[in-house]
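# After the sequence you'll find the predicted model.
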Amino acid sequence: MRRIWMVFAVLCLLCTSCTPQAPLTQSFLALDTACSVKLYGGATEARLRMAVSTVEEYERLWSRTVPQSDIARLNAAEGEAVALAEETSALLETASAWMQETDGAFDITVAPYKELWETASAVPSEDVLREAGQRVGAEKLLSSPWRLADGASLDLGAIAKGAVADKLCERLKADGCTGALIDLGGNITALGRKPDGSPFHVAIADPRDTSKTLLTVAVTDVTLSTSGSYQRFYELEGRRYSHILDPKTGHPVENDLLAVTVIAPCGADADALSTACFVMGFDKGKALIDSLDGIEAVFVKTDGAAVPTDGVPFC
Ligand code: ADP
Ligand code: MG
């Protein structure tokens, strides 16, 4: 947790230093991470409270560890269909589409592997991973109505923060907010513009030293989602293992990437894609982003080289 707070503090600092008008700000813990909302033009305390309670509301709907959340009920239903909120159904549709599009690199059925690594006191054996793998895979999630096959369970950790940011932006916009910076555990969403009409400047931290800025982008109405192994990891037998798992093997990802930041108009897409690209590695990940209109990314390779796609809006 201390490490998460440090990264959070750095991101806050970097964002604040780029924005001259003082926003109305609230920092809070939600979604198992440090969050903040900064409201610019038209900021009110009531809007700030609405923002925090919106994040909490969707955490109650989508967290697998909150009893009675839609995801907890689906996981506990032993293959039976469960009535879900419309928003949950829509999010499962989006997640299913990215599971297909990324050839299973992004996979919300990865929970059995995650539980193994989370609770392990030693590196899980291949046999144990294979057994868990029988409960993982896109075909375990069935729709119309939504249900889970063969002891599968879901974890929306790789898409929920982006999706919650989308919901919050919808509400803030409907409420007349014209500018906000939302930080949900390092996933940054820029809603609208600063009061002077200029875009937000958001710094992307260097994964090798998060107190340093790798590059800065000028953005409006996008989410920047970063996936990497430097903020969250499992520590076993004196070694660090990524909290992002390869759904094909159950092993923590270890490849030619330190981090990926995806910039996309839809937060859920940015979040799912940053995880997927991190699993896919540089070549496949960059090819995927290059094939998608309106979506950009910055890949940081293990040698520290930052490789942006062509449309990254540097400032
Ligand atoms: P963070 O949550 O640190 O911002 P990500 O968005 O990449 O990072 O999500 C990582 C989380 O998603 C993990 O903690 C786990 O709950 C889940 N997860 C791990 N590997 C995968 C995967 N390959 N596909 C989908 N979800 C994953
Ligand atoms: Mg993600």
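Now that the structure is in, tell me what you want to look at. The structure displayed is predicted, hence computed values, not measured ones. Numbers count the residues shown, from 1 in each chain. Ligands and ions are numbered 1, 2, ... in the order given.
# Helix, strand, or coil at Lys173?
Assigned with DSSP: H, G, I helix; E, B strand; the rest coil, Lys173 falls in the helix class.
# In contact with it, which residues?
Leu191, Gly192 (CB atoms under 8 Å, 6 or more residues apart in numbering). Just so you know, the C-beta spots here come from the backbone N, C-alpha and C atoms, and that holds for glycine as well.
# and what of the one 4 residues further on?
With contacts taken as CB under 8 Å, 6+ apart, Cys177 has the following neighbours: Leu39, Gly41, Gly42, Ala43, Arg47, Leu191, Gly192.
# swap in Arg193?
Arg193 touches Thr178, Gly179, Pro199, Phe200, Thr220, counting by CB under 8 Å, 6+ apart.
# Next to ligand 1, which bits of the stretch 1-150 of the chain? Give me the list.
Near ligand 1, the residues belonging to the stretch 1-150 of the chain are Phe106, Asp107, Ile108, Val110, Lys114 when assessed by CB under 6 Å from any ligand atom.
# hmm, 8 Å instead?
Taking CB under 8 Å from any ligand atom as the contact definition, the stretch 1-150 of the chain meets ligand 1 at Thr33, Ala105, Phe106, Asp107, Ile108, Val110, Ala111, Tyr113, Lys114.
# The closest residue in space to the second one that isn't next to it in sequence: helix or strand, and which one exactly?
Spelled out, that is Ala105. Spatial nearest neighbour of Ala105, excluding adjacent residues (CB to CB, 6 or more residues apart in numbering): Val279 at 4.0 Å. If you go by DSSP states H and E, Val279 is part of helix 267-280.
# is any part of that helix close to ligand 1?
Yes: Helix 267-280 is in contact with ligand 1 by CB under 8 Å from any ligand atom, via Asp271, Ala272, Ser274, Thr275, Ala276, Phe278, Val279.
# which helices and strands sit right next to that helix?
helix 86-101, helix 160-174, strand 187-192, strand 222-228, strand 257-264, helix 282-290, strand 296-301 (3 or more CB pairs under 8 Å, 6 or more residues apart in numbering; DSSP states H and E).
# repeat that for 7 Å
helix 86-101, helix 160-174, strand 222-228, strand 257-264, helix 282-290 (3 or more CB pairs under 7 Å, 6 or more residues apart in numbering; DSSP states H and E).
# which one of those lies closest to Leu154?
Among the helices and strands packed on helix 267-280, the nearest to Leu154 by CB to CB is helix 86-101 (8.2 Å).
# Now this protein against ligand 1: closest residue?
Gly157 (2.8 Å; CB to the nearest ligand atom).
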